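Q: fold the following and give me the result.
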Amino acid sequence: MTFRIAPLLAFAALVSAPAFAQDTSKVDNTQINQRDRHTEHATPFDQSNDPADIKLAASVRAAIVADDGLSSAAHNLKLIAAKGVVTLRGPVKDAAEKARVESIVHSVAGVSQVENQLDTKH
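A: Coordinates of the predicted model:
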């Protein structure tokens, strides 16, 4: 009986192997995030713990996420808020989306300046 099951198990393993394989080249964003390796550039880890800065960051994030016309990349961009200055980092779809995100951030109450360091994918 075990001789009949063994070929079935071997066949099942061969058929299911490609389903678990993942092309990591499409998810590797090392080049996009290369700038974060340098200490002279602010990262989300530099976000202030001041309650006003945290509230501003949350308001900016909510405004960005509320815009359903933005890509998921734009919804997940990095942002740092400190004393009214909001720094935006990360990839977005194109130049139009980059400008749209900046416009949204400028419209949030409490934002005095936007440092738009967003990268376009294309």
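Q: show me the shaky parts of this structure.
A: 1-41, 122 (pLDDT under 70).
Q: let me see the ranges of the strands in it.
A: For the chain, applying DSSP state E gives strands covering 78-82, 85-92, 113-120.
Q: which residues does the shortest one contact?
A: Outside of strand 78-82, the residues that reach it under the criterion Cβ atoms under 8 Å, 6 or more residues apart in numbering are 42-44, 46-48, 50, 53-54, 56-57, 60-61, 64, 86-90, 105, 111. (C-beta placed from N, C-alpha, C; glycine too.)
Q: on that earlier part again, how about a markdown table for the strands of the chain, with distance to Gly69 and mean neighbour count added?
A: A markdown table is the format used below for the strands of the chain (distance: least, Cβ to Cβ, whole Å; neighbours: other Cβ atoms under 10 Å):
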| stretch | distance to Gly69 | mean neighbour count |
| --- | --- | --- |
| strand 78-82 | 18 | 20 |
| strand 85-92 | 12 | 21 |
| strand 113-120 | 16 | 16 |
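Q: neighbouring contacts of stretch 57-72?
A: Contacts of stretch 57-72 (Cβ under 8 Å, 6+ apart): 47, 74-75, 77, 79-81, 86, 92-93, 97, 100-101, 104-105, 107-111.
Q: residue contacts, Val108?
A: 56, 59-60, 63, 86.
Q: picking that back up, drop anything exposed from the contacts of strand 78-82.
A: Neighbour-count burial (16 or more other Cβ atoms under 10 Å) applied to these gives 42-43, 47, 53, 56-57, 60-61, 64, 86-90, 105, 111.
Q: for those residues, which one is nearest Thr120?
A: Within the buried ones among the contacts of strand 78-82, proximity to Thr120 (Cβ to Cβ) peaks at Gly90, which comes in at 10.7 Å.
Q: relative to Ile54, how far out is that closest one?
A: 20 Å (Cβ to Cβ, to the nearest Å).
Q: same thing with Val60?
A: 11 Å.
Q: repeat for Ile80
A: 11 Å.
Q: check Val85 too.
A: 14 Å.
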